[in-house]
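Novice: show me how the following folds:
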Amino acid sequence: MTDLLKQQETARYNERSLKTLVRSIAMSQQQFSLILVRCNYEQLRQQIAQRLREMSAVPIQDLVLPASVKTLYTTLQANTLLPSGASAVGSPSALMVFGLETVVAIDELMASTNQVRDEFRKNFSCPVVLWVTDDIVTKMIRLAPDFKSWAAATIKFEMAVEQYSRHPIGFLHLRNRLGKTGIGASNQLWRTLSHL
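Specialist: So this is what the prediction gives:
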């Protein structure tokens, strides 16, 4: 019964986060706004993104970054502005960016993003939603603190502990997170989850 309650609590939390995201996008029309959305699980990320598209009255353009990308700004600019690149008139109503966690040169990308942060405000007249993981947020804090400071509080989506056991990636993430915490109970929880 407690697993069911935890799942329901997580579902309510995610629903509130989704409503916050929809509201943030709607309130940021015609102006640049950086919205960080933290989700460590690709399947959950896809589900939330689909629900966002269904709930939002604002058209959202998706952009999946290739692993080889070197800069965020020029990649966004090349994929959202008119061919002339001189005007933000061709900008979408909202831009949702996936794939930061797959970028090979992520440190360089973060550093360059921080250096050209003012260009985002000058050339994007729409909210930019960056889907990030815990690791990407950590790198952003370290390598692009000025750029990150433009975002309000990160909107988070979680997965209930019971759901970890059904998702191999989530299961490995949980194991890694527990291993880093040093909490004595983590070994017991790890043994319990290993048997699910």
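Novice: and the residue nearest the centre of the chain, how far from L18?
Specialist: For the chain, W131 is the residue whose C-alpha lies nearest the centre (C-alpha atoms, centre = their mean; 1.7 Å). According to C-beta to C-beta, to the nearest Å, W131 and L18 sit 13 Å apart. Backbone N, C-alpha and C define where each C-beta goes, glycine included.
Novice: where along this structure do the strands fall?
Specialist: For the chain, the strands defined by DSSP state E cover 33-38, 60-64, 94-98, 127-132, 155-156.
Novice: and the shortest one, which strands flank it?
Specialist: In this case it means strand 155-156. Next to strand 155-156 in the sheet, as set by DSSP bridges, lie strand 33-38 (parallel).
Novice: rounded mean pLDDT for the partner strand, please.
Specialist: In this model, strand 33-38 has a mean pLDDT of 97.
Novice: who's in contact with that strand?
Specialist: 21, 24-25, 28, 48, 120, 126-134, 137, 140, 147-148, 150-152, 154-157 (C-beta atoms under 8 Å, 6 or more residues apart in numbering).
Novice: which helices and strands sit right next to the longest helix along the chain?
Specialist: Ranked by number of residues, the top helix in the chain under DSSP state H is helix 2-27. Counting contacts by 3 or more C-beta pairs under 8 Å, 6 or more residues apart in numbering; DSSP states H and E, helix 2-27 packs against strand 33-38, helix 42-55, strand 127-132, strand 155-156, helix 161-164.
Novice: let's see 10 Å
Specialist: On a contact count with 3 or more C-beta pairs under 10 Å, 6 or more residues apart in numbering; DSSP states H and E, helix 2-27 meets strand 33-38, helix 42-55, strand 94-98, strand 127-132, strand 155-156, helix 161-164.
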